[in-house]
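Trainee: coordinates only, sequence not included:
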């Protein structure tokens, strides 16, 4: 199998008025299909940290941001397949009664994904589309056409219904809406986020950021779909998976520190 190497990582600069407990999710998932090497962490000032795996098995890091400015940096080299996301046009949908027990959760409403509120729209748009892989792709096509990507068009509280109504969002909003439509049709769908380099695609002129996409249960496995880019891509490095963005936030702060800057790296390693 052909592989390629990526440089991945990030930097957060915070300013806190008081010591603030924080959880970071920036390290590749242990369940991801990548080989991670040369990992390094740095903290300014030095911080006490503790690592753990959350409910979904995602690696997390706990710390307390001190009063004043603090900087967290993470860097690694990831070896990924030199291939686009897997696909199978014949992958079938499953009756709810036949779904694995641990997959049922991903048919239900969650904080940002509202299949109950969007059910009428889902059935109106997709009821006559043949079930299976092609129907999920049709959902992605529809979301990609319905929403316009625009930074600042949504907030941390925007739901799939909100962005469906406004017609604007960022990658997490595209993902929440597509997940909601899938779940409304009883198709299990979960949220994923991570590093996504511009590998063998035209470079995006916008600064690199974390990316969000979805995974859908068809047949006997999860399949990757990307309603924001709406194409199969190379080099995805999963950080976390969950019901929606509330389960896998890159940083969860138990207080109100100011994020002064954030930088993300996901690019092919030239070394």
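Mentor: Good, I have the coordinates. Predicted model, so just to flag it, every value in this text is computed and none were measured. Numbers count the residues shown, from 1 in each chain.
Trainee: now the strands for the protein?
Mentor: Ranges of strands in the chain, per DSSP state E, are 3-16, 20-24, 35-44, 50-53, 59-65, 68-81, 148-149, 168-169, 189-195, 211-218, 221-225, 237-242, 251-253, 258-268.
Trainee: where does the stretch 1-150 of the chain dip in pLDDT?
Mentor: Along the stretch 1-150 of the chain, no part satisfies pLDDT under 70.
Trainee: what's the domain layout of the protein?
Mentor: The chain is divided into the following domains under automatic domain parsing: 3-82+250-268, 96-242.
Trainee: From residue 128, how far off is residue 215?
Mentor: The gap separating residue 215 from residue 128 is 25 Å, by CB to CB, to the nearest Å. Placement of C-beta: from N, CA and C, glycine included.
Trainee: how about the domains of the chain in TSV, adding mean neighbour count?
Mentor: Formatted as TSV, these follow (neighbours: other CB atoms under 10 Å):
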stretch	mean neighbour count
domain 3-82+250-268	16
domain 96-242	19
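Trainee: now these in CSV, with distance to residue 89?
Mentor: Shown next, in CSV, are the domains of the chain (distance: least, CB to CB, whole Å):
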stretch, distance to residue 89
domain 3-82+250-268, 20
domain 96-242, 5
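Trainee: Quick one: closest of the ones you listed to residue 88.
Mentor: For the domains of the chain, proximity to residue 88 was assessed by CB to CB; domain 96-242 is nearest, at 6.0 Å.
Trainee: and the closest one, how far apart are its ends?
Mentor: Domain 96-242 has its terminal residues 19 Å apart, counting by CA to CA, to the nearest Å.
Trainee: and what of stretch 49-61?
Mentor: Terminal residues of stretch 49-61 lie 7 Å apart, using CA to CA.
Trainee: Centre of the chain to that stretch, how far?
Mentor: A distance of 16 Å separates the centroid of the chain from that of stretch 49-61, by CA atoms, centre = their mean, to the nearest Å.
Trainee: And for that stretch, what's in contact with it?
Mentor: For stretch 49-61, contacts defined as CB atoms under 8 Å, 6 or more residues apart in numbering pick out 23-31, 41, 43, 62-63, 239-242, 247-248.
Trainee: Ok, stretch 84-104 next?
Mentor: With contacts defined as CB under 8 Å, 6+ apart, stretch 84-104 is touched by 107, 131-135, 186-188, 217-219, 223-224, 226, 232-234, 236.
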